[in-house]
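Trainee: Sequence and predicted structure below; questions after.
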Amino acid sequence: MMGQPVEEEKKKFNWGLIIFPVLVIVLIGIAIVLVKNIGSKVTGGGDTTLTYWGLWENSAVMEGAIADFEAKNPDIKVKYVKNEKNDYRSRLQNRLTKDPTQNEVPDIFRYHASWIPMFKNDLEKVPGNTVSGLGLETDFYEVFKKDLKSGGSWLGIPLMYDGLAMYYNRDLVESAGKSIPRTWWDLKETAQDLTVKDEVGGIKVAGVAMGLADNVDHFSDILGLLLRQSGVDITNLGSDTTKLANVLQFYTNFRTEYGTWDETLAASTVQFANNKLAFYFGPSWRSFNIDEMNPGLNYEIANLPQLPTLENIPLDQPVADENLTNIYWATYWAEGVNPRSKKQAAAWKLLEYLASKEGLTKMYLAAAQQRSFGEIYPRISLKSTMDENTRTKAFVGVANLAQSGYLSSRTWDGEGGINDTLANYFKDAINSLTMGNGEMKPTVETLVSGITQVKERFKLGQ
């Protein structure tokens, strides 16, 4: 009996030895979890999953670069979603208004550079360390600085570049002993000589696809280029619209006066691929369409024609290069970050990698496995790679001299979008002058009224 109290004391002592270490371990575990969660909120890391809305590239092109990024950043996962182009702009803007914690809301998204006035509240500023780390101010083409900056801050990061260039049918041009036009007057003369008509005046082989809107792919880009070269800023027209009228007159003359194109012909891309068009204007990706439609077509891509810079010089007079404009047309997409996202630190980290030389090269090589070339590099230091490809050389050779505008085609910004709305106003003007026997003065007045409405709605040029 005397031994029982001693035994009970042993049992009590042993339970204490067991419980205390367990409590310590539990408390330490809780502390580790709390520290980890706090750290993830501060750094943007932790078990972070980014939703990335892309547009043109499929997962096969992106997955290699994304996998490399995830390997370097194991606490960040990326969900890449390729979107359909139709109604993309409106769907994107609608989704960006949703709760950013929902899986369907993008943390990162692709947008067209001309959309910034429409997305001014949906674009987070690029952090300064990201700007300097990537070399956005030093190793990217000048047009990006003009388009993607507002109030001194970058609003997006470009992963590609594209613009407008002049495609030409080598067989048609060389068999006629013609040289590549340097000026718009040269183009007009050469295109007229190369246009072949039947016995009743119908066009069998067109010289150049200009003059109309409905069957001229990228007609708004051509007009945007002509306006830029003429010194016309549609966001600041002023009271003198003479140059605007001159551009419209020159463009529509290819249908009404020069006879190199008409409304009976197929869309210009199809006409060119069918070996029935000498000169065609389009972005680099159109070569994929052309090669698919006619793999054996013998064509090249050249620089865009220019305008004389001298006043009162006859258009048919030869002009030295130093007396020509040196202005080209850019139209491209960039990546933005949702300002309402809770994962911005991780989002910028991903874009820093994708826009690096390593990331860009991985995406390009993956795309080149599926087509003749990937998206054109936005970095000047990677330009030499593009110079080696005959399909991209004409684009990168003048990329640092290119300007953009609100007449970019194929942005699919839809009803109420800047580009499509402006293009429709110009289309109405072209149709009035070519099909409706409209007079220039009232046509221009109506056009200016439409441009003014768009300008005021989106506060363009302010």
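Mentor: Alright, I've got the coordinates. Bear in mind that the values here come from a model prediction, so they are computed numbers and not experimental data.

Trainee: mind giving me the domain split of the protein?
Mentor: What the record gives for the chain is the domain set 15-41, 48-162+332-387, 165-329+414-458, from automatic domain parsing.

Trainee: Now those in CSV, please, with extra columns for mean pLDDT and mean neighbour count.
Mentor: For glycine as for every other residue, the C-beta is placed from the backbone atoms N, C-alpha and C. What follows is those, written out as CSV (pLDDT from 0 to 100; neighbours: other CB atoms under 10 Å):
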stretch, mean pLDDT, mean neighbour count
domain 15-41, 46, 10
domain 48-162+332-387, 96, 18
domain 165-329+414-458, 94, 18
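
Trainee: Looking at those domains, which is nearest to Ala399?
Mentor: Among those, the nearest to Ala399 by CB to CB is domain 48-162+332-387 (4.8 Å).

Trainee: Minimum distance to Ser404: which of the domains of the chain has it?
Mentor: Ranking these by proximity to Ser404 (CB to CB) places domain 48-162+332-387 first, at 5.6 Å.

Trainee: chain center to that closest one, what's the gap?
Mentor: Offset of domain 48-162+332-387 from its chain centre (CA atoms, centre = their mean, to the nearest Å): 11 Å.

Trainee: My guess is Asn289 contacts Ala273. True?
Mentor: Yes: here Asn289 reaches Ala273: they are 7.2 Å apart, a contact under CB atoms under 8 Å.

Trainee: mind listing the strands for the stretch 51-200 of the chain?
Mentor: 76-82, 108-112, 149-150, 153-154, 165-169, 196-197 (DSSP state E, counting those that start in this stretch).

Trainee: among those, which is nearest Leu422?
Mentor: Relative to Leu422, the nearest member of the strands of the stretch 51-200 of the chain by CB to CB is strand 108-112, separated by 13.3 Å.

Trainee: So which elements touch the closest one?
Mentor: Packing partners of strand 108-112 (3 or more CB pairs under 8 Å, 6 or more residues apart in numbering; DSSP states H and E): strand 48-54, helix 88-96, strand 333-337, helix 344-354.

Trainee: export those to CSV and tack on distance to Leu194?
Mentor: Compiled in CSV, the helices and strands packed on strand 108-112 are given as follows (distance: least, CB to CB, whole Å):
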stretch, distance to Leu194
strand 48-54, 40
helix 88-96, 38
strand 333-337, 34
helix 344-354, 43
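
Trainee: just so I know, which of these lies nearest Val444?
Mentor: Nearest of the helices and strands packed on strand 108-112 (CB to CB): helix 88-96, 28.6 Å.

Trainee: Give me the helices and strands touching the closest one, please.
Mentor: Packing partners of helix 88-96 (3+ CB pairs under 8 Å, 6+ apart): strand 108-112.

Trainee: The strand it packs on vs helix 344-354, what angle?
Mentor: For strand 108-112 against helix 344-354, the angle by axes from the mean of the first three to the mean of the last three CA atoms, to 10 degrees is 60 degrees.

Trainee: residues contacting the closest residue to Asp99 other than its chain neighbours?
Mentor: What sits nearest to Asp99 in space, not counting adjacent residues and going by CB to CB, 6 or more residues apart in numbering, is Val105, at 6.8 Å. Residues near Val105 by CB atoms under 8 Å, 6 or more residues apart in numbering: Thr51, Arg95, Leu96, Lys98, Asp99, Asn338, Ser341.

Trainee: Same list (the residues you listed) but as TSV, adding distance to Asn298.
Mentor: Output for those, formatted as TSV (distance: CB to CB, whole Å):
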residue	distance to Asn298
Thr51	45
Arg95	45
Leu96	46
Lys98	51
Asp99	55
Asn338	46
Ser341	49
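
Trainee: just to revisit the earlier point, please identify which of the strands of the stretch 51-200 of the chain is closest to Ala267.
Mentor: Of all the strands of the stretch 51-200 of the chain, strand 165-169 sits nearest to Ala267, with 13.9 Å by CB to CB.

Trainee: Any chance of the backbone angles for the residue nearest to Asp99?
Mentor: Here is the backbone geometry of Val105 (degrees, to the nearest 10): phi -90, psi 120.
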